[in-house]
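In: Below: sequence and its predicted model.
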Amino acid sequence: MQNQMEVIFSACPQNESFARVVIAAFAVQLNPTLPEMADIKTAVSEAVTNAIVHGYENKGGLVRLKAEYCDRRMLTVTVQDDGCGMEDVETAMQPFYSTGDGAERSGMGFCVMQTFMDAVDVVSKPGEGTTVTMRKYITGEVGLHRERMLDEIS
Amino acid sequence: MHNLKERYGTVTVALSGELDHCNASKIRRQLDDLLADEDILRLCLDLSDLTFMDSSGIGVLLGRLRILEQRGGSLAVKNMSQPIAKLFHLTGLQRVIQVENDKTGGRL
Ligand SMILES: Nc1ncnc2c1ncn2[C@@H]1O[C@H](COP(=O)(O)OP(=O)(O)OP(=O)(O)O)[C@@H](O)[C@H]1O
Ligand SMILES: [Mg+2]
């Protein structure tokens, strides 16, 4: 079974929650556990917010959210913008590194993506935008039962 | 967002909804309006009804912590959901923001 989806939306803050709802509606087909679902939504929220805030510097543009799974276990999510891009991806991904946007930023977005997903790959070039590809192995139903069992015995 | 009680400079505020970048400025403004009262030394945020938070929310919390620390006060949170607790631990927030009775029961 193979499935994929692609959504293109404006780089405005209201679409951060829209992106979370979209990825949740797609990922639910893999029967993720509640914590897995929360991880996916948070990681997507980070990448989409970065596209809006840093990529397009709050001036708007289009964000592309893609997701696919092949063997019903591995979810791949891609968030892409055609914004300003990054000179040095490795430095940008360091914990607490932030160029800020006037607001209070913790510089933890990439760390959240890396911790909440199993793999994060960032391709970026100044002036050419950024593509963040994230993968997560979904334990699914078995995990869901495990959570319920843990809840029942605790 | 509404005040639950105020006692000797301790104020408990309930946050609800989703604390992401989109809602951050509104929640930041509401908290800062409250903190304009310099008598408030200890702020406790009740996160029972907060359904989502990401790193933008961490920025909001750290900013308010800074304001309170500058006047010798402190920030606490209570009733975090499991996903928010995970975010707290990942970013080391629980070392600077006091966590009261979270719902995770020690499991993350
Ligand atoms: N899509 C992007 N386009 C251009 N620069 C980016 C993009 N995503 C991230 N960056 C750069 O990488 C830095 C680190 O991103 P990260 O999400 O870790 O932290 P932050 O967004 O600055 O803060 P936080 O996510 O904690 O609010 C950003 O400050 C920015 O300089
Ligand atoms: Mg970020």
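Out: Right, received. Where do you want to start? Not measured: the values here are computed from a predicted model. Residues are numbered from 1 along each chain as shown, chains lettered A, B, ... in the order given. Ligands and ions are numbered 1, 2, ... in the order given.

In: Roughly how far does the residue positioned nearest the centre of chain B sit from B:Lys26?
Out: Ranked by distance to the mean C-alpha position of chain B (CA atoms, centre = their mean), the top residue is B:Leu45 at 4.2 Å. From B:Leu45 over to B:Lys26 the distance is 15 Å, taken as CB to CB, to the nearest Å. For glycine as for every other residue, the C-beta is placed from the backbone atoms N, C-alpha and C.

In: now do A:Val120
Out: 30 Å.

In: in what helix or strand does the residue nearest to B:His21 when sequence neighbours are not counted lie?
Out: Setting aside the residues directly before and after it, B:His21 is nearest to B:Ser56 in space (CB to CB, 6 or more residues apart in numbering or on different chains), at 3.9 Å. Counting by DSSP states H and E, the secondary-structure element that holds B:Ser56 is helix B:55-70.

In: so for that helix, what's the average pLDDT?
Out: Computed over helix B:55-70, the mean pLDDT rounds to 95.

In: and it, which residues are buried?
Out: B:55-65, B:67-68 (16 or more other CB atoms under 10 Å in any protein chain shown).

In: Repeat that for stretch A:88-107.
Out: For stretch A:88-107, the neighbour count (16+ other CB under 10 Å) marks A:Val89, A:Ala92, A:Met93, A:Tyr97, A:Ser98, A:Glu104, A:Arg105, A:Ser106, A:Gly107 as buried.

In: So is that stretch next to ligand 2?
Out: No - contact of stretch A:88-107 with ligand 2 (CB under 5 Å from the ion) is absent, the minimum separation being 6.4 Å.

In: got the end-to-end distance for that stretch?
Out: 15 Å (CA to CA, to the nearest Å).

In: Mind listing residues that contact it?
Out: A:53-54, A:57-58, A:86, A:108, A:110-111, A:114, A:122-124, B:24-25, B:28, B:55-56, B:58-60, B:62-63, B:91 (CB atoms under 8 Å, 6 or more residues apart in numbering or on different chains).

In: The helix holding B:Ser56 vs ligand 1: in contact?
Out: Yes - counting by CB under 6 Å from any ligand atom, contacts between helix B:55-70 and ligand 1 involve B:Ser55, B:Ser56, B:Gly59.

In: Generate TSV for the residues you listed, with distance to B:Val13 as supplementary columns.
Out: Listed next are the residues of helix B:55-70 next to ligand 1 as TSV, based on distance: CB to CB, whole Å:
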residue	distance to B:Val13
B:Ser55	21
B:Ser56	18
B:Gly59	18
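
In: Closest one of the buried residues of stretch A:88-107 to ligand 2?
Out: For the buried residues of stretch A:88-107, the closest approach to ligand 2 (CB to the ion) belongs to A:Arg105, at 6.4 Å.
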